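K.L.:
Here is my input; please provide its structure:
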Amino acid sequence: MTVPTANLTGLVLAGGRGMRMGGVDKGLQLLQGEPLAGHVLKRLAPQTGSLLISANRNADIYAALGAPFGAVVVADTLAGFPGPLAGLLAGLRAAGTEFVLSAPCDSPGLPADLAIRLAQALDTHETDIATVTTLDAQGQPSIHPVFALLRTSLADDLAAFLDAGERKVRAWYARHRTVEVAFADERAFYNINSLQELADLERH
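P.N.:
Prediction:
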């Protein structure tokens, strides 16, 4: 791994409205008796030197959930739940490391080699952002942009992008040197968008 673990801050993005789940706090929904965000923290902790949780609700609960990992809760500085880029900005600002590894709170199966593979690609291609692609069941590429390794030096540019009213993750990535890293197992990046999907995953 070209980027030392100590120089990586893991960021769990749990600041959304959970509208497709009826407005519940998605990261706190239980899978096998544990909040989804807890599963993600367990996956990220061995890959990073420190952890942050981006959350705009239930900060006390997230703080307790993150305590065993030394995770710190950060909130959006922009009002109105403007999307994952706002959570990413909060993480970039709060991180005390050169790099942030972000992942959504609703993907409990993220790979154990996410950090090392993104770091290798970022270093090899001398880019600012490394993110994930997979192939779906039909062999078509799927992009998973909120799984990403980013330089914290991008924070000011991201703040300007958001201040201009922009919200799309891939549009912001397009402003920077970005590399996409292909992972073979699409299931590792499966994100849970509804209570029915959560129930289905619980059963299987």
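K.L.:
CA only for contacts and neighbour counts going forward, please
P.N.:
Will do.
K.L.:
I figured Phe147 hits Val100, correct?
P.N.:
No: judged on CA atoms under 8 Å, Phe147 makes no contact with Val100 at a distance of 10.4 Å.
K.L.:
mind listing the helices for this structure?
P.N.:
Secondary structure of the chain by DSSP state H: the helices cover 36-44, 59-66, 84-94, 114-125, 155-163, 169-173, 195-203.
K.L.:
Next one: the closest residue to Leu89 other than its chain neighbours from Leu162, what distance?
P.N.:
Leaving out its chain neighbours, the residue that sits closest to Leu89 by CA to CA, 6 or more residues apart in numbering is Ala155, at 6.0 Å. Applying CA to CA, to the nearest Å, the value for Ala155 to Leu162 is 11 Å.
K.L.:
likewise Ala188?
P.N.:
The value you get for Ala188 to Leu162, if CA to CA is used, is 30 Å.
K.L.:
Between the two, which is the more surrounded one?
P.N.:
Each of Ala188 and Leu162 has its neighbours counted (other CA atoms under 10 Å); Leu162 has more, 18 against 15.
K.L.:
What residues does the more buried one make contact with?
P.N.:
By CA atoms under 8 Å, 6 or more residues apart in numbering, the contact list for Leu162 reads 85-86.
K.L.:
ok, now Phe189?
P.N.:
By CA under 8 Å, 6+ apart, the neighbours of Phe189 are 107, 109-111, 144.
K.L.:
same thing but 10 Å
P.N.:
103-104, 106-111, 132-134, 143-144, 147, 183 (CA atoms under 10 Å, 6 or more residues apart in numbering).
K.L.:
Over to Leu135?
P.N.:
By CA under 10 Å, 6+ apart, the contact set of Leu135 is 141-143, 182-186.
K.L.:
hey, what's it bridged with?
P.N.:
Counting by DSSP bridges, Leu135 is bridged to Pro141.
K.L.:
shift numbering so it begins at 804
P.N.:
Okay, using 804 as the starting number, the last item reads as Leu938.
K.L.:
any weak-confidence spans in this structure?
P.N.:
Within the chain, the ranges that satisfy pLDDT under 70 run 804-805, 820-825, 884, 997-998, 1001, 1007.
K.L.:
What's the local residue count around the nearest residue to Ala906 once chain neighbours are set aside?
P.N.:
Leaving out its chain neighbours, the residue that sits closest to Ala906 by CA to CA, 6+ apart is Phe950, at 4.7 Å. Phe950 sits with 24 neighbouring residues when counted by other CA under 10 Å.
K.L.:
Please list all residues in contact with the spatially closest residue to Gly912 that is not a sequence neighbour.
P.N.:
Distance criterion CA to CA, 6+ apart; nearest residue to Gly912, sequence neighbours excluded, is Ala991 at 4.8 Å. By CA under 10 Å, 6+ apart, the contact set of Ala991 is 910-915, 937.
K.L.:
Present those as a markdown table; the columns should include neighbour count and distance to Ala866.
P.N.:
What follows is these, written out as a markdown table (neighbours: other CA atoms under 10 Å; distance: CA to CA, whole Å):
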| residue | neighbour count | distance to Ala866 |
| --- | --- | --- |
| Ser910 | 23 | 19 |
| Pro911 | 23 | 19 |
| Gly912 | 15 | 22 |
| Leu913 | 22 | 22 |
| Pro914 | 17 | 24 |
| Ala915 | 15 | 23 |
| Thr937 | 21 | 32 |
